[in-house]
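> need a 3D model of the following:
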Amino acid sequence: MQDFFNNISRYPRYLISFTLGVFMSAFSPLMPLFQRPVTAIATIAVLIAAFASLAFTLRAMLGLGAV
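Numbering: from 1, shown residues only. Take a look at the predicted model:
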């Protein structure tokens, strides 16, 4: 039974490392764009616009509030 709990206790560490790996592989191609201020501002604006578009689309599809 002790082996079972030792095995279960490893899952949170795996989840954290997996999540960090996904974020690092997703954002590492964007890091060179932050070297110059002009591209950094444009990159941030595109990310905010994409998030807002996704949020508005999901709110409209799910009927969560006035759009």
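
> which stretches of the chain form helices?
Secondary structure of the chain (DSSP state H): helices at 2-8, 11-27, 37-62.

> adding mean pLDDT, write the ones you listed out as TSV.
Converted to TSV, the helices of the chain look like this (pLDDT from 0 to 100):
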stretch	mean pLDDT
helix 2-8	86
helix 11-27	94
helix 37-62	95
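
> Throw those into JSON lines and include mean neighbour count, thanks.
Placement of C-beta: from N, CA and C, glycine included. Listed next are those as JSON lines, based on neighbours: other Cβ atoms under 10 Å:
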{"stretch": "helix 2-8", "mean neighbour count": "8"}
{"stretch": "helix 11-27", "mean neighbour count": "10"}
{"stretch": "helix 37-62", "mean neighbour count": "11"}
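
> spatially central residue in this structure, please.
What sits nearest the mean C-alpha location of the chain, by Cα atoms, centre = their mean, is F23, with 5.9 Å.

> what's the distance between that residue and I16?
11 Å (Cβ to Cβ, to the nearest Å).

> same check, this time on A52
For A52, the distance to I16 - Cβ to Cβ - is 28 Å.

> how is the protein divided into domains?
What automatic domain parsing lists as the domains of the chain is 1-32, 36-67.

> which residues touch the closest residue to L30 other than its chain neighbours?
Closest residue in space to L30, ignoring its immediate chain neighbours: T43 at 6.2 Å, by Cβ to Cβ, 6 or more residues apart in numbering. T43 is in contact with L30, L33, F34, counting by Cβ atoms under 8 Å, 6 or more residues apart in numbering.

> just those residues now: which is nearest N7?
Within the set of the contacts of T43, L30 lies nearest N7; the separation is 36.2 Å, counting by Cβ to Cβ.

> residues near the closest one, how many?
Around L30 there are 14 other residues, counting by other Cβ atoms under 10 Å.
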